[in-house]
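In: Next input, structure requested:
(one chain, ligands or ions: 1)
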Amino acid sequence: MLDSVKRVILVLSGKGGVGKSTISTQLALTLKERGYKVGLLDIDLCGPSVPYLLNLENQSVHQGPEGWIPVYLDNEQRLGVMSIGFLLNSRNDAVVWRGPKKTSMIKQFLEDVCWQELDFLVIDTPPGTSDEHITVMENLRQVPQCGALIVTTPQEVAIEDVRKEITFCKKTGIPILGIIENMSGYQCPNCSECTNIFSSGGGQSLADIAKIPFMGSVPIDPRVGKLAGQGLAAVKELPDSTTSKIFSELVNILADAPNGQ
Ligand SMILES: Nc1ncnc2c1ncn2[C@@H]1O[C@H](COP(=O)(O)OP(=O)(O)OP(=O)(O)O)[C@@H](O)[C@H]1O
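Out: Now for the predicted structure:
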């Protein structure tokens, strides 16, 4: 039920393991810390990591009279979460489904979850451009305030795949909000110095070439990795970190953007 959702942010990546779920969860947590009502929908059917990242692994989803009731992170119900992970018996269960079954599950996720009134719905997608993406894009096309945030790492191979994501968004008509680079160098937790382990500046130069806003570079910060599994926001726990600054700025941009673009 997306009628009660003001803005949808689709988080995409060309490759797996670039930190898309970390970015999605930290974005949702930052929005919640700013006082927004937020939903986080994990449509990575084969590798749902959001329940783990928010320390909600033992929770399950309940069926209410009007549809599925999301799992809430907090008592005030400011952050609701829906993931296939809540429907599996164990973290080790594998979803071995063909396209049509995946498609109908995603449709259910988009149509049958009672989100209540939401300021933002953040959707964490699987890597690449699969059946799940096509289904979600087709269903979101009617949502006027919907845009995609593309996550990449600085390496050339990841950047190459972002080009495909850009083309995919253009073909499916979803506006691109911007590119965010993750794992951009290693930030030492002791001295805060940042070392570029991979190449640097790839996300920024691709954004310049494609004329897409660049939303910032999140360094590899072991403290951010540790927040995973605890459902904690970097903006609250690590207020002086680069990661915190990037997410604060990202939320400023998203909050100010007219029509979500
Ligand atoms: N900026 C960061 N600093 C430190 N660790 C990070 C950072 N970003 C992600 N990680 C860690 O990298 C691993 C992969 O991140 P994540 O699960 O978010 O990637 P993903 O792109 O969603 O993966 P998949 O494609 O498999 O769903 C996790 O262990 C996460 O804690």
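In: do stretch 126-140 and the ligand meet at all?
Out: Yes - residues of stretch 126-140 are located near the ligand by Cβ under 6 Å from any ligand atom, namely residue 127. Yep, even glycine has a C-beta here, placed from its N, CA and C like the rest.
In: roughly how far out does that stretch sit from the chain middle?
Out: Between the mean C-alpha point of stretch 126-140 and the mean C-alpha point of its chain there is a distance of 14 Å (Cα atoms, centre = their mean, to the nearest Å).
In: any chance you could map the strands in the stretch 51-200 of the chain?
Out: Secondary structure of the stretch 51-200 of the chain by DSSP state E, counting those that start in this stretch: the strands cover 62-64, 67-69, 71-72, 79-83, 118-124, 146-152, 176-187, 194-195.
In: Show me what the first one packs onto, helices and strands only.
Out: In this case it means strand 62-64. If you count contacts as 3 or more Cβ pairs under 8 Å, 6 or more residues apart in numbering; DSSP states H and E, strand 62-64 packs onto strand 67-69.
In: Just the buried residues of the strand it packs on, please?
Out: 68-69 (16 or more other Cβ atoms under 10 Å).
In: go on, stretch 128-147?
Out: 128-129, 131-133, 135-137, 139-140, 143, 145-147.
In: can you check stretch 149-163 too?
Out: Within stretch 149-163, the residues that qualify as buried are 149-155, 158-159, 161-162, counting by 16+ other Cβ under 10 Å.
In: Residues in contact with that stretch: which ones?
Out: Residues lying outside stretch 149-163 but in contact with it, judged by Cβ atoms under 8 Å, 6 or more residues apart in numbering, are 9-15, 18-20, 23, 27, 128, 165-166, 169, 176-185, 196, 198-203, 206, 210, 212, 215, 217.
In: Can you select the buried ones from these in PyMOL?
Out: Applied in PyMOL, the following selects the buried portion of the contacts of stretch 149-163 according to 16+ other Cβ under 10 Å:
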select buried, resi 9+10+11+12+13+14+15+18+19+20+23+27+128+165+166+169+176+177+178+179+180+181+182+183+184+185+198+202+203+206+210+212+215+217
